[in-house]
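In: Just a sequence and a predicted model for now, questions to come.
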Amino acid sequence: MGALSYFLLVARILPLVTNLIVIAEKLFDDVPESGEQKKEMVMSGVKSVVMAIISLSTGGQQETWIKLEPFISQMVDAICGVLFPSEEE
């Protein structure tokens, strides 16, 4: 899988990540200092979807999540920064 393919996959996952972030925010609304739990929930949800896609494919795609995880993690942080800017700033 080339760099462009990874980029396209990340781009396709963007709406899923955004929706999961909104859901996590609602679920943990009353839980103070729950940022790590929210991110863990989002990352777990995205990983489940990616792993389901990988399980349907053949060939060398098994390393896909390992390569995507850092980008997805940064995407979650960036989206949260836009959707829920820190009140400290």
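Out: Looks like it arrived, so ask away.
In: ok now the helix or strand where Leu68 lies, how far from the chain's centre?
Out: Under the criterion DSSP states H and E, the helix or strand holding Leu68 is helix 64-83. Helix 64-83 has its C-alpha centroid displaced from the chain centroid by 5 Å (C-alpha atoms, centre = their mean, to the nearest Å).
In: which helices and strands sit right next to that helix?
Out: helix 3-27, helix 35-56 (3 or more C-beta pairs under 8 Å, 6 or more residues apart in numbering; DSSP states H and E). Quick note: C-beta positions are derived from backbone N, CA and C, even for glycine.
In: buried stuff in the longest one?
Out: Residues Leu9, Ile13, Val17, Thr18, Leu20, Ile21, Ala24 are the ones in helix 3-27 that count as buried (16 or more other C-beta atoms under 10 Å).
In: Let me know whether the second one touches Val46 as I believe.
Out: Yes - taking contacts as C-beta atoms under 8 Å, Ile13 lies within contact range of Val46: 6.2 Å.
In: so what sits against both of these two?
Out: With C-beta atoms under 8 Å, 6 or more residues apart in numbering applied, the overlap between the contact sets of Ile13 and Val46 consists of Ile72.
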